[in-house]
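J.: take this sequence and fold it.
(chains A, B, C and D)
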There are 2 protein chains.
Amino acid sequence: MSQLAHEVLAAVLQVRERSLQVLLWRRAREPAVGRWSLPGGGLGAAEDVETSIRRQLAEKVDVQQLAHVEQLAVFSAPDRKPGPRVVATAFLGLVPADNDPEVPDDTDWYRVDALPPPAFDHGAIVLRARDRLRAKLSYTNLGFALAPPAFTISELREIYSAALGYRVSATNLQRVLSRRGLLEPTGVTAAPGPAGGRPAAQFRFAAHGMEVTDPFAVLRPPQDRSTGI
Amino acid sequence: MSQLAHEVLAAVLQVRERSLQVLLWRRAREPAVGRWSLPGGGLGAAEDVETSIRRQLAEKVDVQQLAHVEQLAVFSAPDRKPGPRVVATAFLGLVPADNDPEVPDDTDWYRVDALPPPAFDHGAIVLRARDRLRAKLSYTNLGFALAPPAFTISELREIYSAALGYRVSATNLQRVLSRRGLLEPTGVTAAPGPAGGRPAAQFRFAAHGMEVTDPFAVLRPPQDRSTGI
DNA sequence: AGGGTTTTCGACTTTCGGTTGAAAACCTCT
DNA sequence: AGAGGTTTTCAACCGAAAGTCGAAAACCCT
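T.: Numbers count the residues shown, from 1 in each chain, chains lettered A, B, ... in the order given. Have a look, this model is predicted:
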């Protein structure tokens, strides 16, 4: 079995200014000078890939603000980078909206739908991350990782719309999430915008909704009516 | 960046004898002599991980019969195997029911819910594969990869029940799949069983259902009623 | 006070999935 | 051939979930 290098990369996504954006840094040296790269780096000898990506992301953003990290896929085309072969494990990371983490000078956020010239296969990785997020938003409770600690339904609607790429109904969003027991009111009402309007109630995600749970199952097990409550 | 070995492994699942089973081979040499291992091997210099796992699976089963292969996850704990470190990319493979591929002498099928002693972390990989299959059966059209080319609704129900671990309603299964446009009748009616009974109509998965499509979305895009048909 | 804006919420409709039961179409045994 | 058993098929019903709509509430500014 041949020895080869292994790196970890993360597409860290956040909804910023009403659009889905990804954290990229500009390469100052060859290869791919001037192109934009995902954060990450080589896998250390004593760490698994998840430990490694969290360690390396800590250099770019405050880890406290990473609400969710999950494996995305392995990218292993032999020619995916020039030079000695490197296999990459790619991750999806999510930062809640309204956070504005300090980032290094060479690093910044870019719209996923208008990426600057990406290095190597990093463009494909970003798109995979976006697609994974969109799918999971719909059939899991992953939304908690994109939302700030407290939010109004309108704000949450903006976040979902930006991430999904189409407008969702605020009424429906509230009902779907409520029915799953994910929303709870904070009691606070937010101040209205400059144009006035009724003040909006603030919500937060329920504590038990802060982990990704099983997807909604379409073919459910039969209901057992014998076990009366 | 340190150099290390990379292997590919596959949990190849099939519904056999009304239960979900996985293809395992018995280790004849150290390490882990006598324990049961997933098929796979080292990543070649000129191949990506998917090419590699397909090549290595060809030594165990007829590749024609692999209806679906997808990446599962990377397993990278530094101590997942004794000896020099090896990172593994694990795959989920699916073989349609009713196929009975030739397998080598040291290789056989085992029930996922009663695994023989697994080598290394291969037990965890099998369970991850099972969970992924169960989730995707529910919210995608992945069922096509478990079903034979033609089947009755009862047979399909057996397959789904075995894979999911609970009984599903035949009536409901047929309607859900039909509504998604995945089933089409072959025109043939199967012979009744030994106890008689009405002969069952045969179906097949529609051609456009033979790839995994987008999951069922809960928060759909708004319906555009302006584009009348 | 009046007009504009935004949020909230109830009500309606449609779609989807779970359940049931009757009818259809076969078998075997007498 | 008829009776009785078995399995499949399908229509009908029901409830839950989700999409849509509009009125009322609660704020702003002039």
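
J.: and the residue nearest the centre of chain A, how close does it get to DNA strand C?
T.: Central residue of chain A (C-alpha atoms, centre = their mean): A:L94, 2.8 Å from the mean position. According to C-beta to the nearest atom of the strand, to the nearest Å, A:L94 and DNA strand C sit 23 Å apart. Placement of C-beta: from N, CA and C, glycine included.

J.: identify the bridge partners of that residue.
T.: A:L13, A:H68 (DSSP bridges).

J.: can I assume it is in contact with A:V12?
T.: Yes. In this structure, A:L94 is within contact of A:V12 by C-beta atoms under 8 Å, at 7.4 Å.

J.: so what sits against both of these two?
T.: Shared contacts of A:L94 and A:V12, defined by C-beta atoms under 8 Å, 6 or more residues apart in numbering or on different chains, comprise A:L66.

J.: circling back: residue contacts, the residue nearest to the centre of chain A?
T.: By C-beta under 8 Å, 6+ apart, the residues touching A:L94 are A:V12, A:L13, A:Q14, A:L66, A:A67, A:H68, A:V69, A:L133, A:L142, A:A145, A:L146.

J.: neighbour count for the residues you listed - can I get that in JSON lines?
T.: Converted to JSON lines, the contacts of A:L94 look like this (neighbours: other C-beta atoms under 10 Å in any protein chain shown):
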{"residue": "A:V12", "neighbour count": "27"}
{"residue": "A:L13", "neighbour count": "25"}
{"residue": "A:Q14", "neighbour count": "27"}
{"residue": "A:L66", "neighbour count": "21"}
{"residue": "A:A67", "neighbour count": "20"}
{"residue": "A:H68", "neighbour count": "19"}
{"residue": "A:V69", "neighbour count": "18"}
{"residue": "A:L133", "neighbour count": "25"}
{"residue": "A:L142", "neighbour count": "25"}
{"residue": "A:A145", "neighbour count": "25"}
{"residue": "A:L146", "neighbour count": "24"}
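
J.: for DNA strand D, state which of those residues is nearest.
T.: A:L142 (14.5 Å; C-beta to the nearest atom of the strand).

J.: give me every residue that touches A:P199.
T.: A:P199 neighbours (C-beta under 8 Å, 6+ apart): A:T189, A:A190, A:A191, A:P192.

J.: burial check on the residue nearest to it when sequence neighbours are not counted, number of neighbours?
T.: Closest residue to A:P199 apart from its sequence neighbours, by C-beta to C-beta, 6 or more residues apart in numbering or on different chains: A:T189 at 4.5 Å. A:T189 has 13 neighbouring residues, counting by other C-beta atoms under 10 Å in any protein chain shown.

J.: and A:T189, how far from DNA strand C?
T.: 7 Å.

J.: that residue touches A:Q202, doesn't it?
T.: Yes. With contact taken as C-beta under 8 Å, A:T189 and A:Q202 are classed as touching, separated by 6.6 Å.

J.: could I get the full set of strands for chain A?
T.: Using DSSP state E, the strands found in chain A span residues A:3-16, A:19-26, A:36-37, A:40-42, A:68-75, A:86-94, A:107-111, A:151-152, A:183-189, A:201-205.

J.: so of those strands, which one's packed in deepest?
T.: Comparing the strands of chain A by mean neighbour count (mean count of other C-beta atoms under 10 Å in any protein chain shown), strand A:86-94 ranks first with a mean of 25.

J.: relative orientation of it and strand A:3-16 in degrees?
T.: 20 degrees (axes from the mean of the first three to the mean of the last three C-alpha atoms, to 10 degrees).

J.: quick one: which of the strands of chain A is nearest B:P31?
T.: When these are compared by C-beta to C-beta, strand A:3-16 sits nearest B:P31, at 19.0 Å.

J.: now the residue of chain A found nearest DNA strand C, what are its backbone angles?
T.: Closest to DNA strand C within chain A is A:G197: 2.1 Å, counting by C-beta to the nearest atom of the strand. Here is the backbone geometry of A:G197 (degrees, to the nearest 10): phi 100, psi 160.

J.: pull the residues that contact stretch A:50-60.
T.: A:8-10, A:12, A:23, A:25, A:39-41, A:43-44, A:47, A:63, A:66, A:69, A:71, A:89, A:91, A:93, A:103-104, A:107, B:76.
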